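Visitor: What follows is a predicted protein model with its sequence.
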Protein chains: 2
Amino acid sequence: MNTPEGPQAERLRRLPSRLTNGAALIANRLVDQALAEAGARRYHYALLATLEEFGPASQAELGRRTGIDRSDVVAAVNDLAERGFLERTPDPGDRRRNIITITPAGRKQLADLDRLLADVQDDYLAPLSATDRRTFIDLLTRLTEHHSGR
Amino acid sequence: MNTPEGPQAERLRRLPSRLTNGAALIANRLVDQALAEAGARRYHYALLATLEEFGPASQAELGRRTGIDRSDVVAAVNDLAERGFLERTPDPGDRRRNIITITPAGRKQLADLDRLLADVQDDYLAPLSATDRRTFIDLLTRLTEHHSGR
DNA sequence: TGGCCAACGTTGGCCACACCAACAATAACG
DNA sequence: CGTTATTGTTGGTGTGGCCAACGTTGGCCA
């Protein structure tokens, strides 16, 4: 919290890309701070969540599903494996692959993170009504889907 | 454009903070790409725009208005001064300060960037109707104002 | 069967943005 | 006065998001 603040230029205030980025900054700060309480970072959460939802997967698949670069998956998986939240075992059927499996401790951690994140979302969206929130999410979804989905 | 794509986990898809970040990523990519055509970066645009709207200012003031850290302002001002888009002159009335002034070349560059950015905003918001866009901007504004304004 | 191309994990690097701490010079204020 | 605050600047830090290259291994098909 440094923000000594000062009025922003019109042009900047109303630039949608900049507004979006500003909101993302706020959201990320809140999220990072909450995750830090559990010693986690955003990548960690994304991987754990993906593993629980889709079951064991190779690192490349995790990368595809989360949008995290292959090389960054390596590091995050290292972190999580070190802390016992997942296991990395060679795939006997394809010796190029590792099979990543979430452990019970990992599920526990994921549950903790889920709680933390739920609270944070609420802080983040505090100024918006329930209807506003739905609209907001809808707009964001349409935007992101348009720009990647096709 | 690497995106080999893969379905995302429910939890991640509907997390507002993550959606916001995703949208910001898309917007920033578009913006950075456009600015790069003119050899500029986001900080540069913010400074030029602020200078034109508020007139000459000290670096500290620029930092306050744009939200850019003092130390990062130094670097960006260096870049812009090197290219002749602004001038840095010591303030005779306060020898701690530099007075930063936008030059005619700077205004020209700013106008160019404005054009580029306008196009980009349109790409970014392409999937949204005019009404949607207004709603979107409104929601974003309320969010960011709540979290900084008080 | 052999050869070629694709996919995988991994290493090592890059850049921009967002930050923080410290310093010397200078102003402002009590 | 002397103390506190502000300014420009240097020199970090970390993280997210990228890309290129590598050796290993599989899949494909000629």
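Guide: That came through fine.

Visitor: who's in contact with the residue lying closest to residue A:116 once chain neighbours are set aside?
Guide: Closest residue to residue A:116 apart from its sequence neighbours, by CB to CB, 6 or more residues apart in numbering or on different chains: residue A:34 at 4.4 Å. For every residue, glycine as well, the C-beta is placed using N, CA and C. Contact analysis of residue A:34 by CB atoms under 8 Å, 6 or more residues apart in numbering or on different chains lists A:116-117, A:119-120.

Visitor: May I have the secondary structure class of residue A:34?
Guide: Secondary structure for residue A:34, judged by DSSP: H, G, I helix; E, B strand; the rest coil, is helix.

Visitor: coming back round to it: report the buried members of the contacts of residue A:34.
Guide: A:116-117, A:120 (16 or more other CB atoms under 10 Å in any protein chain shown).

Visitor: Report whether the host helix or strand of residue A:138 contacts DNA strand D.
Guide: According to DSSP states H and E, residue A:138 maps onto helix A:130-144. No - using CB under 7 Å from any atom of the strand, helix A:130-144 stays clear of DNA strand D, with a minimum separation of 11.9 Å.

Visitor: who touches that helix?
Guide: Helix A:130-144 is contacted by residues A:125, A:128, B:13-14, B:16, B:19-20, B:22-23, B:26, B:124-125, B:127-128, B:132, B:135-136, B:139 when judged by CB under 8 Å, 6+ apart.

Visitor: do that again at 10 Å, thanks
Guide: Outside helix A:130-144, the residues within contact range by CB atoms under 10 Å, 6 or more residues apart in numbering or on different chains are A:16, A:20, A:23, A:121-122, A:124-125, A:127-129, A:149, B:8, B:13-16, B:18-27, B:124-128, B:132-133, B:135-136, B:138-140, B:142-143.

Visitor: Now, those that are in helices?
Guide: Among the contacts of helix A:130-144, the members falling in helices (DSSP state H) are A:16, A:20, A:23, A:121-122, A:124, B:13, B:16, B:18-27, B:124, B:132-133, B:135-136, B:138-140, B:142-143.

Visitor: Just the buried ones among these, please.
Guide: With burial judged by 16+ other CB under 10 Å, the buried subset of the ones in helices among the contacts of helix A:130-144 is A:16, A:20, A:23, A:121, A:124, B:16, B:18-27, B:124, B:132-133, B:135-136, B:139-140, B:142-143.

Visitor: in chain A, what residue is nearest DNA strand D?
Guide: Ranked by CB to the nearest atom of the strand, the top residue of chain A for proximity to DNA strand D is residue A:95, at 3.1 Å.

Visitor: what pLDDT does that residue get?
Guide: pLDDT, residue A:95: 91.

Visitor: ok so it is a strand residue?
Guide: No - under three-state DSSP, residue A:95 falls outside any strand and is assigned coil.

Visitor: how near is it to residue A:58?
Guide: Distance of residue A:95 to residue A:58, given as CB to CB, to the nearest Å: 12 Å.

Visitor: More neighbours: those two, which one.
Guide: Neighbour count, other CB atoms under 10 Å in any protein chain shown: between residue A:95 and residue A:58, residue A:58 has more, with 16 against 8.

Visitor: show me the contacts for the more buried one.
Guide: Applying CB under 10 Å, 6+ apart to residue A:58 gives the contacts A:64, A:73, A:91, A:94, A:96-100.

Visitor: Out of those, grab the one that's most surrounded.
Guide: That'd be residue A:100 among the contacts of residue A:58, by other CB under 10 Å, with 25 neighbours.
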